[in-house]
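K.L.:
Next comes the sequence, and after it the predicted model I'd like to discuss.
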Amino acid sequence: LSLQDLALSWMSGEDNVTGGQPQGSVLQPFWDYLHQNHHDLLRSPPFPVVLSVTTYFLLVGVYTVLDLLAPTWPCINCYRLHPDRPVTWQNIWTTLGVTIYNHLLYIFPATVAQWLWRPPTPLPREAPTFWSFVLGILGCMVVFDFQYYVWHLLHHQVPWLYRTFHAVHHQYNQTFSLVTQYLSGWELFNLGLWATIDPILLQCHCLTAWGFMVFNIYVSIEQHCGYDFPWALHNLVPFGLWCGAPKHDTHHQRPSTNFAPFFSHWDWLGGTHTVPTPSSHAAAGEPDKTKCRKD
């Protein structure tokens, strides 16, 4: 089967893990609403790209506002990993410029190509069950985590790959949200390809695939955001299993460590795991965190 045949089979719900499921899914009313009110939009081939790009810029916009407010708002700045190193307008314009360049040069043409060459996507009538939705996203995360760990490790250990493709991402050793897609076109293409292909390989319902895309983007931005909020995933997932912003910020300072995007197990097994570098306010006895709790 061609990739397009696989995609059409997956999106139509034929012979996939969600086909033939009972109508009792808690997601069914939501899926029925989407069917009735946004059917043409959801069937449009460019929809996954539009969903991903919109999600990315909305979330990055929120964190960028926080970055601009942080120097004069201690209640925000105290959660930054580097409270003594503010994000400047020059940082914002430089990273935003590369992001927009990549979207215009790579994402936009690919979106137009899908719009012109792919037929509208048939949508299954039945929603996934809640557990198939959750487990489908988790399965995609596990597969993507392994793919990116190997890809990331290779691009650090092979000098030509690093210089040619990955070095641009490491021009910043302090992470902030707009660094997320401060990438080469090759890296952006690979990340987008895996996020698209993995739900097809696992025969996920299209709603599950879109949920994974949105969650993947959220995690990528949170990982680069430069904040250690109490509600961040690395503070909610126990036993240090989640990577999170502090570990990825450490990767940008010590590039031979912490390669995985989601979970910590591959770094543990590969001997590349390291604990985050204490932030400057933590090293000073956390007076700012105390102020945060009071505020």
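P.N.:
Perfect, I can see it now. Numbers count the residues shown, from 1 in each chain.
K.L.:
which outside residues touch stretch 39-56?
P.N.:
34-35, 103, 107, 110-112, 114-115, 118-123, 180-181, 192, 195-196, 206, 209-210, 213-214, 217-218, 221 (CB atoms under 8 Å, 6 or more residues apart in numbering). Every C-beta, even on glycine, is put in place using the N, C-alpha and C of the backbone.
K.L.:
OK, contacts around Met141?
P.N.:
By CB under 8 Å, 6+ apart, the residues touching Met141 are 212, 215-216, 262-263.
K.L.:
whoops, Leu201 was the one
P.N.:
Going by CB under 8 Å, 6+ apart, Leu201 touches Val143.
K.L.:
rewinding a little: would you point out the most distant pair within the contacts of Met141?
P.N.:
The largest separation in those, counting by CB to CB, is between Phe212 and Phe263 at 14.9 Å.
K.L.:
that older thread, arrange the contacts of Met141 in TSV, one row each, with pLDDT, distance to Ile137 and secondary structure as further columns.
P.N.:
Output for those, formatted as TSV (pLDDT from 0 to 100; distance: CB to CB, whole Å; DSSP: H, G, I helix; E, B strand; the rest coil):
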residue	pLDDT	distance to Ile137	secondary structure
Phe212	96	5	helix
Phe215	96	6	helix
Asn216	96	9	helix
Phe262	95	11	coil
Phe263	95	14	strand
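K.L.:
So which of the contacts of stretch 39-56 belong to helices?
P.N.:
Per DSSP state H, helices hold the following members of the contacts of stretch 39-56: 34-35, 110-112, 114-115, 192, 195-196, 206, 209-210, 213-214, 217-218, 221.
K.L.:
Can you say which of these are buried?
P.N.:
Buried by 16 or more other CB atoms under 10 Å: 34, 111, 192, 195-196, 206, 209-210, 213-214, 217, 221, out of the ones in helices among the contacts of stretch 39-56.
K.L.:
Looking at those, which one is closest to Pro83?
P.N.:
Closest to Pro83, out of all of those and judged by CB to CB, is Ile221, at 19.6 Å.
K.L.:
which residues in the stretch 151-295 of the chain form helices?
P.N.:
Applying DSSP state H, counting those that start in this stretch to the stretch 151-295 of the chain gives helices spanning 159-161, 185-201, 206-224, 233-236, 244-253, 265-270, 280-283, 287-294.
K.L.:
ok, now the stretch 1-150 of the chain?
P.N.:
3-12, 28-43, 47-69, 74-77, 89-102, 108-117, 130-157.
K.L.:
nearest to Thr250, of these?
P.N.:
Nearest to Thr250, of all the helices of the stretch 1-150 of the chain, is helix 130-157, at 13.9 Å by CB to CB.
K.L.:
buried stuff in that closest one?
P.N.:
132-133, 135-137, 139-141, 143-145, 147-149, 151-153, 155-156.
K.L.:
Local confidence estimate at His205?
P.N.:
His205 carries a pLDDT value of 93.
K.L.:
about what we covered before: would a markdown table of the contacts of Met141 with distance to Asn77 be doable?
P.N.:
Shown next, in a markdown table, are the contacts of Met141 (distance: CB to CB, whole Å):
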| residue | distance to Asn77 |
| --- | --- |
| Phe212 | 33 |
| Phe215 | 28 |
| Asn216 | 28 |
| Phe262 | 28 |
| Phe263 | 30 |
